[in-house]
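[1] Below is the sequence, then the predicted model.
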Amino acid sequence: MQYEILAFDKKTEQLVFSIEIPADQFSTLAELMAWLEPEDAIYEYELSPEQVSGLESMIGKTFDSPELIFQLSCSA
């Protein structure tokens, strides 16, 4: 599975950017997202401010902005 953070403009709902999460971070991602069952990892999620902050720490990039909506996307 490949995971990406998707950032959408709040006004236009257009995709502004995406950030790939390294595959070796899956365990940390699963803990941050509080996934309990294997199938929890296959859905898309809107991210809370706390989750965005945790993802920034996890991948070492700052990307949070009040003008954006963040989602976590999964692809095979």
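    Yep, it's here.
[2] Was I right to think residue 55 contacts residue 31?
    No - with contact defined as CB atoms under 8 Å, residue 55 does not count as touching residue 31 (11.8 Å). For glycine as for every other residue, the C-beta is placed from the backbone atoms N, C-alpha and C.
[3] Between these two, point out the one with more neighbours.
    residue 55 (24 against 11; other CB atoms under 10 Å).
[4] hmm, who's touching the helix or strand encompassing that one?
    Residue 55 is part of helix 49-59, with elements assigned from DSSP states H and E. Helix 49-59 is contacted from outside by 5, 19, 21-22, 25, 28-29, 32-33, 45, 47, 62-64, 70, 72, using CB atoms under 8 Å, 6 or more residues apart in numbering.
[5] Just the buried ones from the residues you listed?
    Taking 16 or more other CB atoms under 10 Å as the criterion, what is buried in those is 5, 21, 28, 29, 32, 33, 47, 70, 72.
[6] ok, now how distant is the first one from residue 48?
    Looking back up the chat, that one is residue 5. From residue 5 across to residue 48, the span is 13 Å (CB to CB, to the nearest Å).
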